[in-house]
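Visitor: Give the three-dimensional model of this entry:
(2 chains)
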Protein chains: 2
Amino acid sequence: MTRLLVRDLAQVATPSAGPAPLRGRALRDVTVVEHAYVLCRDGVIEAVGPMRELDGHSLGDLDEEIDGTELCAVPGLVDCHTHPAWGGDRVGEFSLRAGGASYEELHAAGGGILATVRATRALGADELRARVDRHAGWMLRHGTTTWEGKSGYGLDRETELASLRAVRTAGGTPTWLGAHAVPPEFGDADSYLDFLLAEVLPEAAQLADAADVFLERGAFDAAQARRYLEACRDAGLSLRLHGDQFTESGAIPLAVELGARSVDHLEATGDDGARVLATSDVVGVLLPASALFLDRPMPRARTLVDAGAAIALATDFNPGSSFTESLPFICALACTQLHLAPEEALSAVTVNAAYVLGLARDRGRIAPGLRADLLIIAADDWRHLAYHLAGDVVAHVIQGGALRR
Amino acid sequence: MTRLLVRDLAQVATPSAGPAPLRGRALRDVTVVEHAYVLCRDGVIEAVGPMRELDGHSLGDLDEEIDGTELCAVPGLVDCHTHPAWGGDRVGEFSLRAGGASYEELHAAGGGILATVRATRALGADELRARVDRHAGWMLRHGTTTWEGKSGYGLDRETELASLRAVRTAGGTPTWLGAHAVPPEFGDADSYLDFLLAEVLPEAAQLADAADVFLERGAFDAAQARRYLEACRDAGLSLRLHGDQFTESGAIPLAVELGARSVDHLEATGDDGARVLATSDVVGVLLPASALFLDRPMPRARTLVDAGAAIALATDFNPGSSFTESLPFICALACTQLHLAPEEALSAVTVNAAYVLGLARDRGRIAPGLRADLLIIAADDWRHLAYHLAGDVVAHVIQGGALRR
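Guide: Numbering: from 1, shown residues only, chains lettered A, B, ... in the order given. This next block holds a predicted model:
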């Protein structure tokens, strides 16, 4: 038995218990305990409460004690949408776009997803695993204790499966995004899907928890997305969709019909889409860093929440359209760009994100019996998580009851 | 004599030599040396160049050697606009605004500059110095080796002078921003200026390098700003202006007429203002994090640069409208929101920012004879400085030839 105590915290802040996913007003129901402690045993939260209720006589066998003076605890952050398995980078494309290059010029310069596909295929499995490990380390430094990682920069059998294995090995939850783009060796999306479902799905279904598809003009249309997702569902995978990033293309109705866990992006979603999403338990995963990175319109988070939809927030970590691993930064964007309160942002990067990954039973809140994942914030008000823009808000990270940073 | 060598760097990147301030195309003239070294002696850069030219036989007396493999060096960053001297925080106001509160509701809740003035006056000189020291430490962690720090949250004689002393003690360049707001004990701006110029200026002029004024509706008008700045100039101070943040209010013509070092903000500047600025050596200091934090329009950087104006970029670090100390993050905003190339962003946070502080003779570039201030970036392409959004891009910080991080 190992026990860890965080004592004398200025605040412990946690979203409410659910039922997940939280929606509407419930997203704001964050419980804050002032001058508090959290006690962890064998990787699980044993007790949390005000210091005056800490039962001193039973603490003789502590393995580690952390002084929380002038610090705060929130649940370890959950990043439910990342693309961590890639080689190369896209800094050249980023620089051309920053300097005013058009989409056509970027394409002519060899940019885009397929540039990363070439670099990722060239890595080999060992180097790919090293890259994913490095990216997971970056996430941990920013307080992320649970994360999903997609394949989708391999687009061949070997690299897709190696990506899923690398995510699992690095401690992430793998999502198979075989349907990210059509690779150059296939003439059209349908023949690529034939290959994916016949040659890759059987083993991908053993390695991944969920499947995802990029439903967008130029990638896969609604009929193709349906075909891919239905086959993946039949193979036992949970379902996710990239949808409404640039155009409203039927992703929300399809996600609701198929009972998907989430539909992600939604920058282009209108009022009707928000209403349809709100009738369901499908979570809208918003990715404001991607909108910032590409200087595109932000998702209409306020419209979605006020309509009663459940939302989560994630980094969309990837080399082309959102090169950030920082969920605290995402919370800052949520509060400044999406007009969400810090409490809504916190629920969206913890309990609701855990729900998207099917992990809300034991992640995303600070409560007895849940996994002991804590982000200790270097400020005496937990809302500095969102307030301290691009600052070093992370004092400590505890994952499964162990001090990781 | 102490010597430090950084060897085997993937790249050394530095803006061009000037004449400062750089403007137009010259902002893009960044020299990049591949597989390079930087040699420092007694706090000064002794030599920089490709590894093949490193003269091995003269290196016997090195005090420190840093392996730069897969890293890059750029000049230590220069933050030419910060407000580091304050007590309390404004996280409550931030949260209310995020959740949709109006300006009137924020005011009724006791927000705004005067809330910080109350908290700052209550600190006492020792605690104020401790706060400025902490903030300077945050800046250093993000690669800032030279920074300006304004007073302006005291607005009484004792606290204004204590703020200037605290900035100097922490290693910053103090700017006297007595004319930041009118404190409640004065009935109007003119009688407050009477007090400032008679009671505070004589000693402030001994402590500060420059004077600054907030020229804006609700703060000080153009006639009041002129009166304050002319008196400060006569007392030997260089001049700065906060102008065109919310409204175009005559700041640019006044800055040009008075020969100010800079005019800062410019979110509201139109084409005519850009043309006037471009005729001068007054630097337009752009503060995109402030626009992001308040969800206001970004400054039109492209218009200013293309008109031929000289620009710098800074954090505007302060608790109310820009709670960020990260210049790498400012570079990311420059490239994604202001449509500046990474090269333009680098020049704007190094050599041109040093010019604003009157320090361009020995800061802001990597060249023999300049102060040995280096930011070592944790990537093999220096442009990750701007590309890695809110990421940990800082591998090491060297200030005056000493490894500080």
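Visitor: which stretches of chain A have low pLDDT?
Guide: Low-confidence segments of chain A, defined by pLDDT under 70, span residues A:57, A:103.
Visitor: Flag every residue of the stretch 251-400 of chain A that's near chain B.
Guide: A:289, A:292-295, A:302, A:322-326, A:329, A:334-337, A:339-342, A:344, A:379, A:381, A:383-384, A:386-392 (C-beta under 8 Å from any C-beta of the partner chain). C-betas here are computed from N, CA, C, even on glycine.
Visitor: what sits opposite A:G49 in the beta ladder?
Guide: Beta-bridge partners recorded for A:G49 (DSSP bridges): A:Y37.
Visitor: residue contacts, it?
Guide: With C-beta atoms under 8 Å, 6 or more residues apart in numbering or on different chains as the criterion, the residues that contact A:G49 are A:V33, A:A36, A:Y37.
Visitor: Looking at the residues you listed, spot the one nearest B:P15.
Guide: A:A36 (49.3 Å; C-beta to C-beta).
Visitor: Just confirm A:V12 is within a helix.
Guide: No: per DSSP: H, G, I helix; E, B strand; the rest coil, A:V12 lies outside any helix segment and is strand.
Visitor: Can I get stretch A:184-195 in PDB, CA atoms only?
Guide: The C-alpha trace of stretch A:184-195 is given here as PDB (Å, rounded to 0.1, in the frame of the first residue of the first chain):
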ATOM      1  CA  PRO A 184      -1.600   9.000 -53.200                       C
ATOM      2  CA  GLU A 185      -1.400   5.300 -54.100                       C
ATOM      3  CA  PHE A 186      -5.200   5.100 -54.200                       C
ATOM      4  CA  GLY A 187      -7.200   6.700 -57.000                       C
ATOM      5  CA  ASP A 188     -10.300   7.500 -55.000                       C
ATOM      6  CA  ALA A 189     -11.800   7.400 -51.500                       C
ATOM      7  CA  ASP A 190     -14.000   4.300 -52.200                       C
ATOM      8  CA  SER A 191     -11.100   2.100 -53.300                       C
ATOM      9  CA  TYR A 192      -9.100   3.300 -50.300                       C
ATOM     10  CA  LEU A 193     -12.000   2.400 -48.000                       C
ATOM     11  CA  ASP A 194     -12.200  -1.000 -49.600                       C
ATOM     12  CA  PHE A 195      -8.600  -1.500 -48.600                       C
END
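Visitor: Give the pairing partners of the helix or strand where A:L9 lies; include direction for each.
Guide: Element membership of A:L9 [criterion: DSSP states H and E] is strand A:3-15. Neighbouring strands of strand A:3-15 in its sheet, by DSSP bridges, are strand A:30-41 (antiparallel), strand A:64-67 (parallel), strand A:72-75 (parallel).
Visitor: With mean neighbour count and distance to A:G100 added, can I get these in CSV?
Guide: Compiled in CSV, the strands paired with strand A:3-15 are given as follows (neighbours: other C-beta atoms under 10 Å in any protein chain shown; distance: least, C-beta to C-beta, whole Å):
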stretch, mean neighbour count, distance to A:G100
strand A:30-41, 20, 42
strand A:64-67, 14, 49
strand A:72-75, 28, 40
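Visitor: All the strands of the stretch 151-300 of chain A, residue numbers only.
Guide: For the stretch 151-300 of chain A, applying DSSP state E, counting those that start in this stretch gives strands covering A:173-179, A:210-213, A:238-243, A:262-265, A:283-286.
Visitor: Most tightly packed of those?
Guide: Ranked by mean neighbour count, the strands of the stretch 151-300 of chain A are led by strand A:283-286 with a mean of 31 (mean count of other C-beta atoms under 10 Å in any protein chain shown).
Visitor: OK, contacts around A:T159?
Guide: A:T120, A:R121, A:L128, A:S151, A:Y153.
Visitor: Tell me the one among these nearest to A:V263.
Guide: Using C-beta to C-beta, the contacts of A:T159 come closest to A:V263 at A:S151, 19.0 Å.
Visitor: Would you mind measuring from that closest one to chain B?
Guide: Using C-beta to the nearest C-beta, to the nearest Å, A:S151 is found at 22 Å from chain B.
Visitor: what's the nearest residue to that residue if we skip its chain neighbours?
Guide: Closest residue to A:S151 apart from its sequence neighbours, by C-beta to C-beta, 6 or more residues apart in numbering or on different chains: A:S163 at 3.7 Å.
Visitor: And for that neighbour, the neighbour number?
Guide: For A:S163, the count of nearby residues is 35 (other C-beta atoms under 10 Å in any protein chain shown).
Visitor: what sits against it?
Guide: Counting by C-beta under 8 Å, 6+ apart, A:S163 has contacts A:A85, A:T120, A:L128, A:V132, A:G149, A:K150, A:S151, A:G152, A:Y153, A:G154, A:P174.
Visitor: Run a quick neighbour tally on the fourth one.
Guide: Other residues near A:V132 number 25, with proximity taken as other C-beta under 10 Å.
Visitor: With A:T144 instead?
Guide: A:T144 - counted by other C-beta under 10 Å - has 30 other residues nearby.
Visitor: ok, now how distant is it from B:M51?
Guide: Distance, A:T144 to B:M51, using C-beta to C-beta, to the nearest Å: 37 Å.
Visitor: same check, this time on A:P342
Guide: Distance from A:P342 to B:M51, counting by C-beta to C-beta: 49 Å.
Visitor: Mind checking which of the two has more residues around it?
Guide: A:P342 (26 against 14).
Visitor: does that one really touch B:L96, like I thought?
Guide: No: here A:P342 lies out of contact with B:L96, judged by C-beta atoms under 8 Å, at a distance of 10.2 Å.
Visitor: the helices in the stretch 1-150 of chain A, which residues?
Guide: Under the criterion DSSP state H, counting those that start in this stretch, helices of the stretch 1-150 of chain A are mapped to A:91-98, A:103-108, A:113-121, A:125-141.
Visitor: Tabulate these (TSV), appending distance to B:A309.
Guide: Shown next, in TSV, are the helices of the stretch 1-150 of chain A (distance: least, C-beta to C-beta, whole Å):
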stretch	distance to B:A309
helix A:91-98	19
helix A:103-108	26
helix A:113-121	35
helix A:125-141	37
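Visitor: Turn these into TSV, columns for distance to chain B.
Guide: Formatted as TSV, the helices of the stretch 1-150 of chain A follow (distance: least, C-beta to the nearest C-beta, whole Å):
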stretch	distance to chain B
helix A:91-98	4
helix A:103-108	13
helix A:113-121	14
helix A:125-141	6
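Visitor: just so I know, which of the ones you listed lies nearest A:S238?
Guide: Of all the helices of the stretch 1-150 of chain A, helix A:125-141 sits nearest to A:S238, with 20.7 Å by C-beta to C-beta.
Visitor: one step back: which of the strands paired with strand A:3-15 sits closest to B:R240?
Guide: Of the strands paired with strand A:3-15, nearest to B:R240 by C-beta to C-beta is strand A:72-75, at 36.4 Å.
Visitor: quick one: which of the strands of the stretch 151-300 of chain A is nearest B:A211?
Guide: Nearest of the strands of the stretch 151-300 of chain A to B:A211, taken as C-beta to C-beta: strand A:283-286 at 44.2 Å.
Visitor: what about the closest one, distance to the chain center?
Guide: Strand A:283-286 sits 10 Å away from the centroid of its parent chain (C-alpha atoms, centre = their mean, to the nearest Å).
Visitor: Can you name the residues in contact with it?
Guide: So strand A:283-286 is contacted by A:21, A:80-81, A:261-266, A:269, A:277, A:299, A:301, A:304, A:309-314, A:334, A:338, A:348, A:352-353, A:355-356 (C-beta under 8 Å, 6+ apart).
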